[in-house]
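Student: Sequence first, then the predicted structure, then my questions.
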Amino acid sequence: QVQLVESGGGLVQAGGSLRLSCAASGRTFNYLGMGWFRQAPGKEREFVAAISRNGGRTIYADSVKGRVTISRDNDKNTVALQMDSLKPEDTAVYYCAAGSFESTYARLYNYWGQGTQVTVSS
């Protein structure tokens, strides 16, 4: 079993930055691929970014590529999502997810955090 707790969400103006963090516990963190997803009101959950077990491979959604950086610290059991040049359309609840490997598909992740709200004002 893996427990995931996100933090770092909030309200920011367009063009600003936020750094989300996800703390994992309950299973050896460096055996887990990690991902970030988001869900806006009335929309389906969508992939944002993912990172491999050792951090050597990252994947980004086209909508955030160049503005978002995913990273992990296997010593601290954390994964972060640095978001820059934020846009109003980035407003959503952001979820951290863990699975056997990194993927763009939500169904391949076994564990999910409770989510953290990101609101970008225009």
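Tutor: Received, thanks.

Student: the strands in the protein, which residues?
Tutor: For the chain, applying DSSP state E gives strands covering 3-7, 10-13, 18-25, 33-39, 46-51, 58-60, 68-73, 78-83, 92-99, 111-112, 116-121.

Student: To residue 105, which of those strands lies closest?
Tutor: strand 46-51 (7.5 Å; Cβ to Cβ). For every residue, glycine as well, the C-beta is placed using N, CA and C.

Student: residue nearest the centroid of the chain?
Tutor: residue 36 (2.5 Å; Cα atoms, centre = their mean).

Student: what sits against that one?
Tutor: Counting by Cβ atoms under 8 Å, 6 or more residues apart in numbering, residue 36 makes contact with 20, 22, 48-50, 70, 79, 81, 94-97.

Student: what do you get for residue 122?
Tutor: Applying Cβ under 8 Å, 6+ apart, the residues near residue 122 are 14, 88.

Student: low-confidence ranges in this structure?
Tutor: For the chain, no stretch is flagged by pLDDT under 70.

Student: if we can go back for a sec, need the strands of the chain in JSON lines (columns: distance to residue 105).
Tutor: Below are those laid out as JSON lines (distance: least, Cβ to Cβ, whole Å):
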{"stretch": "strand 3-7", "distance to residue 105": "17"}
{"stretch": "strand 10-13", "distance to residue 105": "28"}
{"stretch": "strand 18-25", "distance to residue 105": "18"}
{"stretch": "strand 33-39", "distance to residue 105": "9"}
{"stretch": "strand 46-51", "distance to residue 105": "8"}
{"stretch": "strand 58-60", "distance to residue 105": "11"}
{"stretch": "strand 68-73", "distance to residue 105": "16"}
{"stretch": "strand 78-83", "distance to residue 105": "18"}
{"stretch": "strand 92-99", "distance to residue 105": "9"}
{"stretch": "strand 111-112", "distance to residue 105": "13"}
{"stretch": "strand 116-121", "distance to residue 105": "21"}
